[in-house]
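Q: Compute the structure for the input listed below.
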Amino acid sequence: MTYILSGFLFGLLIPYMARRFSKFMPATMAYAIYRLIAPVKKVSKEKRKQNGVYQKLVHKYLMRSIGWGIISSALTLGVHLCLPSDFYIALVWILLLLYEIDERMFLLPDILTVPLLIIGFIYASTIPYDGHFMCCSPAFFSAVGAAIGYILPVIATLVMVKKNPDAFGGGDIKLLSAVGAWIGFYHVPVLILASAVLFGLFCLIKRERSGAFGPAIVITTLALVFFVI
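A: Purely as a prediction, here's the structure:
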């Protein structure tokens, strides 16, 4: 029950946190934390009642918060039941927040991707190393995964720079590197390829030629973590 409630409460806050991020990014870590917890000037009740558009936005905002709450609750419980460590809750929560932020403002802030990488490496460092069954330590696999997650998209961007200079944004590359620290280098090529395919499907469905790449990375990562790794 604790996992369900904590996941639901975090999910409820995702649209709020993403909205706050959109108002002050880019920012330092300290200023970002301050703005996330700083009090917000509230709209008076009279203005709320008089503004029909505001009422619709509030309803849409509430429904989105509840939706994220349900998704976050289910994934948090899934981590507890299916994955080897509750460290993965941090991965899931940060990924969901990054999804909403990138969808809203086409930005994957360093103050989320860098801690995600660090937590992934710390978790890998806690896994016991058994030399009889593993050629290298989990920490080594994590570090190489992060490096490959950074290098491969950089190379891809250099190859496609003439036709598509924005093939991978800086935030996308850092997120792929951070995820690489969690999944290991052998899964990184699959992550990049599957994310690209999923992004292409999103563009076809929305009938757009470009968009936020972060959501595709997030969905692919969650699929790998829960069903492959």
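Q: what's around the closest residue to residue 209 other than its chain neighbours, how many residues?
A: Closest residue to residue 209 apart from its sequence neighbours, by C-beta to C-beta, 6 or more residues apart in numbering: residue 203 at 6.5 Å. Where C-beta positions appear, they are placed from N, C-alpha and C, glycine not excepted. Neighbourhood size, residue 203 [other C-beta atoms under 10 Å]: 14.
Q: And residue 203, how far from residue 156?
A: Here residue 203 is placed at a distance of 17 Å from residue 156 (C-beta to C-beta, to the nearest Å).
Q: residue contacts, residue 188?
A: Contact analysis of residue 188 by C-beta atoms under 8 Å, 6 or more residues apart in numbering lists 145, 148-149, 152, 176, 179-180.
Q: Distance of it relative to residue 179?
A: From residue 188 across to residue 179, the span is 8 Å (C-beta to C-beta).
Q: list residues touching both of those two?
A: Counting by C-beta under 8 Å, 6+ apart, the residues touching both residue 188 and residue 179 are residue 149.
Q: ranges for the helices of this protein?
A: 2-24, 29-37, 45-50, 52-82, 87-105, 110-126, 138-160, 170-183, 188-206, 214-227 (DSSP state H).
Q: looking at those helices, which is buried most?
A: Greatest average neighbour count among those goes to helix 170-183 (a mean of 25), per mean count of other C-beta atoms under 10 Å.
Q: Show me which pair in the contacts of residue 188 is furthest apart.
A: Across these, the longest distance by C-beta to C-beta is 12.0 Å; it joins 152 and 179.
Q: From the contacts of residue 188, which one has the minimum pLDDT?
A: On pLDDT alone, residue 152 ranks lowest of the contacts of residue 188, at 90.
Q: Leaving out sequence neighbours, find the closest residue to that residue.
A: residue 192 (5.9 Å).
Q: Next: residue 228.
A: Residue 228's closest residue in space is residue 187 (C-beta to C-beta, 6+ apart), at 7.0 Å.
Q: list the contacts for the closest residue to residue 69 other than its chain neighbours?
A: Taking C-beta to C-beta, 6+ apart, and ignoring the residues beside it in sequence, residue 69 has residue 11 as its nearest neighbour in space, at 3.6 Å. Applying C-beta under 8 Å, 6+ apart to residue 11 gives the contacts 65, 67-73, 96.
Q: This completes my enquiry, with thanks.
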